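Participant: coordinates only, sequence not included:
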RNA sequence: GCGCCUGUAGCUCAGAGGAAGAGCGGCGGCCUUCUAAGCCGUUGGUCGGGGGUUCGAAUCCCUCCAGGCGCACCA
């Protein structure tokens, strides 16, 4: 892949560029003079004058001027814009991607909700976030596998089974048992309710455009516990088996197997160890956990397990997102899966659509808690910016449908001058690789929706001001429109939202 | 008590040292043109408070205030 248009220019200039907030400050600007001033012990504006002079000497630079305390603002020639545009067209769907180095085998474990009820909006954030991170890693070139951990053997699952059984006998559920309508539904059929529940969960997630490559069951892992325990540094105390996790920086040792009085069953910590051992044995270079902030207390635990097992803790990555709360009538609503007092993802999708739901859940940063107003959700998503972005894509598809020829991938005669809206749009498109790179690095897919709105913004303005078909600049504008389509489609796809041909 | 997250326009939120932003809402305009789910104008700010570092801080450090979530032989 050729160096990016901006990077090439930076290399020629010898200093880094940024995009100024205001168009009055040029197409690009640099603060290099301000950075250099202290070490050169010279006034920044003096250095800026020199940089501006050097820049003006380049063919791609139309004009350069010094501003403020020592910024250099640059205006670029049409040739640079054409160059940037053709780069996007050549890269196509791979634009901004394939830069992973080294390429890793990555496992993303996400959702992993207990199979004791349908997927809720709380898990939906996990799903949307985890899947988008996975998509980003894939686009960067990594080999990614999505896994769902099925807790089919824990106390909650047993309680769930007992609740269904009680229902079948026409009795009240056990203390603290499950009450939702779906329990009654499952009670209508024979056998273990967990498999049909899992089928329903999988169907919901597929509908949400998330495909799991692998479903790992706790019941399959537990048998390996004795074997794993043997290799660990454990001791017995108060009738329980403990691991010396303090040796690895934990504040307290942890119990792995409960004392007989407390049931003698292995704890979650024990299963965590067996499960991570299982993951690492499968040869992943990187293992990612996606957890809600209600689990952030164990964030440090997983890397420590890796150490305990003799692996590099840096192979383990724990991503935390803040929780989704339900708000009703301006007040926080207490949710409980057991009582069935939740918003199920299927219902949420029925209300706002997959695109609306995914966009809504992903466009806020993972550190930001989300309140979903149950009553206003549908209303809000009517105004959801996702339609604004999709509409831009559909408009482009319309133009390309009506175009006499497909946009050419190799440019192109240079228009004498580019209109402002054209320049703004190209500069926006050129930002994409950097946006993407940062989103990957920071595991922050929310940058993409926010960026896509900017692209749609610039496109709608361009569309309003300039005709594409049967204009003098038709060839150039078809190419520009096609490049815009590539970037919008990619931005949407990376967060799991569709790019419609018509609306 | 300790830890993590949050506090930016009326509301929902972007902004990871460089020149304060968007969407929604409010007000006023624009369809004989490739899609008006669009465009243009306007309204809007002690970036929670206070200190510090820096030529420069919403951004980094300290501190205080407010809210959310955690700190189990719970799952």
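Facilitator: Ah, there it is. Just so we're clear, the structure is a prediction, and the values are computed from it rather than from any experiment.

Participant: Residue A:359 contacts residue A:387, doesn't it?
Facilitator: No: with contact defined as C-beta atoms under 8 Å, residue A:359 does not reach residue A:387; the gap is 9.1 Å. Any C-beta I mention is one placed from the backbone N, CA and C, and that applies to glycine too.

Participant: Ramachandran angles for the nearest residue to residue A:259 once chain neighbours are set aside?
Facilitator: Of all residues not flanking residue A:259 in the chain, residue A:239 sits nearest, at 3.3 Å (C-beta to C-beta, 6 or more residues apart in numbering). Main-chain dihedrals, residue A:239, degrees, to the nearest 10: phi 80, psi 0.

Participant: Look up the pLDDT of residue A:239 for me, please.
Facilitator: The model reports residue A:239 with a pLDDT of 93.

Participant: Measure how buried it is and give me the count.
Facilitator: Neighbour count of residue A:239, defined by other C-beta atoms under 10 Å: 12.

Participant: residue boundaries of the helices in the stretch 1-150 of chain A?
Facilitator: A:5-13, A:32-40, A:44-56, A:78-91, A:121-140 (DSSP state H, counting those that start in this stretch).

Participant: ok, residues contacting stretch A:233-253?
Facilitator: Contacts with stretch A:233-253, where a contact means C-beta atoms under 8 Å, 6 or more residues apart in numbering, come from A:229, A:232, A:254-262, A:269, A:273, A:300-301, A:304, A:307-308.

Participant: Which of those residues fall within strands?
Facilitator: A:254, A:255, A:256, A:257 (DSSP state E).

Participant: So in terms of bridging, what pairs with the second one?
Facilitator: Each beta-bridge partner of residue A:255 is listed here, defined by DSSP bridges: residue A:242.

Participant: Correct me if wrong: it contacts residue A:267.
Facilitator: Yes: counting by C-beta under 8 Å, residue A:255 does reach residue A:267; the two are 5.3 Å apart.

Participant: neighbour-wise, which of the two wins?
Facilitator: Taking neighbours as other C-beta under 10 Å, residue A:255 and residue A:267 compare with residue A:255 leading, 20 against 16.

Participant: Out of the ones in strands among the contacts of stretch A:233-253, which comes closest to residue A:60?
Facilitator: residue A:254 (60.8 Å; C-beta to C-beta).

Participant: Who are the contact partners of the closest one?
Facilitator: Applying C-beta under 8 Å, 6+ apart, the residues near residue A:254 are A:242, A:243, A:245, A:267, A:269.

Participant: Taking those, tell me the two that lie furthest apart.
Facilitator: Greatest spacing in the contacts of residue A:254, by C-beta to C-beta: A:245 and A:267 (12.0 Å).

Participant: For RNA strand B, tell me which of the contacts of stretch A:233-253 show up nearby.
Facilitator: A:254, A:255, A:258, A:259, A:262 (C-beta under 7 Å from any atom of the strand).

Participant: rewinding a little: relative to residue A:188, which of the ones in strands among the contacts of stretch A:233-253 is nearest.
Facilitator: Nearest to residue A:188 among the ones in strands among the contacts of stretch A:233-253, with distances taken as C-beta to C-beta, is residue A:257, at 38.0 Å.

Participant: count of neighbours near the closest one?
Facilitator: 23.

Participant: and what of the one 5 residues further on?
Facilitator: Counted by other C-beta under 10 Å, the residues lying close to residue A:262 total 13.

Participant: Now do the same contact list for the closest residue to residue A:87 other than its chain neighbours.
Facilitator: Distances taken as C-beta to C-beta, 6+ apart place residue A:5 nearest to residue A:87, at 5.5 Å, with adjacent residues excluded. Listed by C-beta under 8 Å, 6+ apart, the contact partners of residue A:5 are A:80, A:83, A:84, A:87, A:430.

Participant: so which of these would you say is closest to RNA strand B?
Facilitator: Nearest to RNA strand B among the contacts of residue A:5: residue A:430, at 17.1 Å, using C-beta to the nearest atom of the strand.

Participant: I'd like the mean pLDDT over the helix or strand harbouring residue A:455, please.
Facilitator: Per DSSP states H and E, residue A:455 falls inside helix A:447-465. Mean pLDDT, computed over helix A:447-465, is 94.

Participant: Buried residues in the helix or strand that it is followed by, which are they?
Facilitator: Next along the chain after helix A:447-465, taking DSSP H and E as the criterion, comes helix A:474-493. Under the neighbour-count criterion of 16 or more other C-beta atoms under 10 Å, helix A:474-493 has A:474-493 buried.

Participant: Tell me which other helices or strands helix A:474-493 touches.
Facilitator: Packing partners of helix A:474-493 (3 or more C-beta pairs under 8 Å, 6 or more residues apart in numbering; DSSP states H and E): helix A:78-91, helix A:385-402, helix A:420-430, helix A:432-442, helix A:447-465.

Participant: now the angle from the longest one to helix A:385-402?
Facilitator: In terms of direction (axes from the mean of the first three to the mean of the last three C-alpha atoms, to 10 degrees), helix A:447-465 departs from helix A:385-402 by 50 degrees.

Participant: Can you tell me how far the nearest residue to residue A:463 once chain neighbours are set aside is from RNA strand B?
Facilitator: Nearest residue to residue A:463, sequence neighbours excluded (C-beta to C-beta, 6+ apart): residue A:395, at 6.1 Å. Distance, residue A:395 to RNA strand B, using C-beta to the nearest atom of the strand, to the nearest Å: 5 Å.

Participant: Same check on residue A:218?
Facilitator: Distance, residue A:218 to RNA strand B, using C-beta to the nearest atom of the strand: 10 Å.

Participant: Could you do residue A:97 as well?
Facilitator: Counting by C-beta to the nearest atom of the strand, the gap from residue A:97 to RNA strand B is 20 Å.

Participant: Check the gap between the closest residue to that residue other than its chain neighbours and RNA strand B for me.
Facilitator: Spatially, and ignoring its direct neighbours in sequence, residue A:97 is nearest to residue A:139 (4.2 Å; C-beta to C-beta, 6+ apart). Distance of residue A:139 to RNA strand B, computed by C-beta to the nearest atom of the strand: 19 Å.

Participant: Check residue A:372 too.
Facilitator: As for residue A:372, its distance to RNA strand B is 9 Å (criterion: C-beta to the nearest atom of the strand).
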